[in-house]
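Participant: I would like the atomic coordinates for the input below:
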Amino acid sequence: MSETGTETRPLVRQLPDPSTAPNIRYNPSLEELRELAAPDETTTEFGSASYVSEFRSRSADRTKNAVGDEFTGRDHALVEEAVDRTASTELLCIDRLMGRHPDATFCCRLFVPVAYARIAYAWAGLFEPADGQDPDLYTVQLPDFDETAIRVLPDAGFTAVLGSDYTGEAKKSFLRLFMYRVKQQGGLGLHAGSKRVRVRTDEGDVRTVGQVFMGLSATGKSTLTSHGCWLEDSEDAAMLQDDVCGLLPDGSVAGSEGEGLYIKTIGLDEDEQPELYEAATDESAILENVAVDDDGTVHFDEDRYTANSRAIVRRDELESADEEIDLGRMDQVFFITRNPLMPPVARLDEEQAAAAFMLGESIETSAGDPARAGESIRVVGTNPFIVGPEGEEGNIFHELVDILDVDCYVINTGYLGEKAVDIGVTESVTILTEAARGTIEWSRDDRMGLTVPETVPGIDIEDYYVPDHVDDYDEALAELRAERREYLAQFDDLREEIKAAVY
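Facilitator: Residues are numbered from 1 along each chain as shown. Sure, this is the predicted structure:
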């Protein structure tokens, strides 16, 4: 059964008015939310709040949306029961604004039981307060429900999160629909970070470059997006968004989260990621499933509860975070991969870029499927939150990067071969900086079938030539290409020129 507006809008109108409903506390402050969540809090050595949830990752295998999945009567019944329970459960109701762009700003309304105030406290720290706007999007999260099910009605702007107490479900319930609404406007939602870089060219001019980073959780997206690139004088780099953006038809990139970032903390290193570390150790941070002792001592390097430990950190605690969240124009897009057969960076043409978008190659992380963490995976657009046909997303991406004349790259933030050569943060950030400056010299490598750097200032790029680090490289590459072709063949609506662009 498919969703229609006439079937679902009346359902949304059945939600209680939080300003008058006696069972609802409406828009308490962050301080009040923390106080309500106090029974679940361990106070850290930094004075911040730390919580442990029962669910520690998204329940992707129990998530269905009424546009892309077959919705049964049982699915609609789950949604209706979630709505019905809002009339009798003691709830918090929080309104927040997602986005600032004139064409991509939505008022979000979250209902969550008072007993789970920690979810509301964490979620509210990511978005800006709403000032009386009517909500566009709604989520009802009921962790005590006797079944785990996430059911999404995209056209109604409604999500029911049932049987999970993971804050990430609340966050992504709204970001999923943000991306869907952007696509309805002729753009494309991106699971991506965005960054504005100002660099000095060889001619002495200052060049402004908009960079976008597409990658699954824990592949380095936050690190690359927030890194200051070691720029000096008239140069600078500013992080605009960390997780979800909307590429609009005019080339601008709308941000979604205006107040905070939801970062992974496992292995957070003060030397490698100083800004993120400082923000995560500020009193304003909110830690989730991080190893914290009873006396408040924090252990970011310990997966006591999960490798998917998280922190909500304030944008204003990040020196690299700009006051703006929207990018004026996307000039460069980087597909982050951990495929050991990929070079540190390669430049792609429009068809190859669309193929890279569809392939979405990376490694599974504890944020997605903990049981498969470390395995090689493919996720279209590195985006597990697509609503609608996935092949359609690749076609739209191809059209937009072609029309907007965007430079496209694949960047490997992992290693080459059998972990023979590690590609560290220093190398990756140097590549990003020099790509922005336009100082990388490129050449076509027929053996690899890619356009790769001939020189990169600051890197001995010849040391990272993939065939030198992989036994039976040609055979391994042939197998990889065959796998890629087979994977792309499943998308009937994907254009043939994209399928033929396998690299």
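
Participant: secondary structure class of residue 106, three-state.
Facilitator: strand (DSSP: H, G, I helix; E, B strand; the rest coil).

Participant: could I get the full set of helices for the stretch 1-150 of the chain?
Facilitator: 5-13, 30-36, 73-85, 117-124 (DSSP state H, counting those that start in this stretch).

Participant: elements contacting the shortest one?
Facilitator: Applying 3 or more C-beta pairs under 8 Å, 6 or more residues apart in numbering; DSSP states H and E, we find helix 30-36 packed against strand 91-101, helix 117-124. (C-beta placed from N, C-alpha, C; glycine too.)

Participant: one more time with 6 Å
Facilitator: helix 117-124 (3 or more C-beta pairs under 6 Å, 6 or more residues apart in numbering; DSSP states H and E).

Participant: and if you look at the longest one?
Facilitator: Packed against helix 73-85 by the contact rule (3+ C-beta pairs under 6 Å, 6+ apart) you find strand 149-153.

Participant: neighbouring strands of the strand it packs on in the sheet, and parallel or not?
Facilitator: Note on strand 149-153: by DSSP bridges, its sheet partners are strand 63-65 (parallel), strand 158-162 (antiparallel).

Participant: wait, which of the ones you listed is closest to residue 353?
Facilitator: strand 63-65 (26.5 Å; C-beta to C-beta).

Participant: what residues does the closest one touch?
Facilitator: 150-152, 154, 387 (C-beta atoms under 6 Å, 6 or more residues apart in numbering).

Participant: and those, which of them are buried?
Facilitator: Using 16 or more other C-beta atoms under 10 Å as the burial test, these include 150-152, 154, 387 as buried.

Participant: a markdown table for those residues, including distance to residue 279?
Facilitator: Compiled in a markdown table, these are given as follows (distance: C-beta to C-beta, whole Å):
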| residue | distance to residue 279 |
| --- | --- |
| 150 | 29 |
| 151 | 34 |
| 152 | 31 |
| 154 | 33 |
| 387 | 31 |
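
Participant: which one of those is nearest to residue 205?
Facilitator: When the buried ones among the contacts of strand 63-65 are compared against residue 205 (criterion: C-beta to C-beta), the nearest one is residue 387, at 42.0 Å.

Participant: buried stuff in stretch 139-150?
Facilitator: 139-143, 145, 148-150.

Participant: biggest separation within these, which pair?
Facilitator: Maximum distance among those (C-beta to C-beta): 15.4 Å, for 139 and 148.

Participant: residue ranges of the helices in the stretch 201-350 of the chain, please?
Facilitator: Under DSSP H, counting those that start in this stretch, the stretch 201-350 of the chain gives helices at 221-226, 274-280, 350-359.

Participant: tabulate the ones you listed (TSV), appending mean pLDDT and distance to residue 425.
Facilitator: Compiled in TSV, the helices of the stretch 201-350 of the chain are given as follows (pLDDT from 0 to 100; distance: least, C-beta to C-beta, whole Å):
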stretch	mean pLDDT	distance to residue 425
helix 221-226	87	6
helix 274-280	93	11
helix 350-359	98	22
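
Participant: residue 431 is nearest to which of the ones you listed?
Facilitator: helix 221-226 (9.6 Å).

Participant: what's around the residue nearest to residue 33 when sequence neighbours are not counted, how many residues?
Facilitator: Nearest residue to residue 33, sequence neighbours excluded (C-beta to C-beta, 6 or more residues apart in numbering): residue 121, at 3.9 Å. For residue 121, the number of neighbouring residues by other C-beta atoms under 10 Å comes to 28.

Participant: so residue 121 sits against residue 37, correct?
Facilitator: Yes: with contact defined as C-beta atoms under 6 Å, residue 121 and residue 37 form a contacting pair (5.1 Å).

Participant: what's the spacing between residue 114 and residue 89?
Facilitator: Distance, residue 114 to residue 89, using C-beta to C-beta, to the nearest Å: 9 Å.

Participant: likewise residue 286?
Facilitator: Per C-beta to C-beta, residue 286 is found 23 Å from residue 89.

Participant: who's more crowded, those two?
Facilitator: Neighbours were counted for residue 286 and for residue 89 using other C-beta under 10 Å; residue 286 has more, 30 against 18.

Participant: thought the more buried one was touching residue 122?
Facilitator: Yes: using C-beta under 6 Å, residue 286 makes contact with residue 122 at a distance of 5.0 Å.

Participant: what touches both of these two?
Facilitator: residue 312.

Participant: so which of the strands paired with strand 149-153 is nearest residue 263?
Facilitator: strand 158-162 (21.3 Å).

Participant: how far off centre is the closest one?
Facilitator: 19 Å (C-alpha atoms, centre = their mean, to the nearest Å).

Participant: what does the average pLDDT come to for that strand?
Facilitator: Throughout strand 158-162, pLDDT has a mean value of 98.

Participant: could you point out which element follows it?
Facilitator: helix 167-184 (DSSP states H and E).

Participant: what are the contacting residues of that following helix?
Facilitator: By C-beta under 6 Å, 6+ apart, the list of residues contacting helix 167-184 reads 58, 98, 104, 108, 110, 119, 122-123, 137, 139, 141, 154, 157, 159, 161, 189, 244, 246, 256, 262, 385, 387.

Participant: ok, stretch 377-386 next?
Facilitator: With C-beta under 6 Å, 6+ apart as the test, stretch 377-386 has contacts from 172, 176, 191, 214-216, 357-361, 364, 390, 393, 487.

Participant: from the chain's centre, how far out does that stretch sit?
Facilitator: 10 Å.

Participant: biggest separation within the contacts of stretch 377-386, which pair?
Facilitator: 172 and 487 (24.3 Å).

Participant: give me the more crowded residue out of the two.
Facilitator: Using other C-beta under 10 Å as the criterion, residue 172 and residue 487 rank with residue 172 on top: 26 against 18.

Participant: let me see the domain layout of the chain.
Facilitator: What automatic domain parsing lists as the domains of the chain is 5-36+59-165, 190-252+327-499.

Participant: distance to residue 183 for those domains - can I get that in CSV?
Facilitator: Converted to CSV, these look like this (distance: least, C-beta to C-beta, whole Å):
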stretch, distance to residue 183
domain 5-36+59-165, 10
domain 190-252+327-499, 7
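
Participant: I'd like to know which of those domains lies nearest to residue 47.
Facilitator: domain 5-36+59-165 (11.3 Å).

Participant: where does the stretch 51-200 of the chain dip in pLDDT?
Facilitator: Residues of the stretch 51-200 of the chain that meet the criterion pLDDT under 70 are absent altogether.

Participant: what about 90?
Facilitator: For the stretch 51-200 of the chain, applying pLDDT under 90 flags the ranges 68, 131-132, 200.

Participant: of the domains of the chain, give the one that comes closest to residue 43.
Facilitator: Of those, the one closest to residue 43 (C-beta to C-beta) turns out to be domain 5-36+59-165, at 10.2 Å.

Participant: how would you label residue 444: helix, strand or coil?
Facilitator: Going by three-state DSSP: residue 444 is strand.

Participant: give me the neighbour count for it.
Facilitator: 11.
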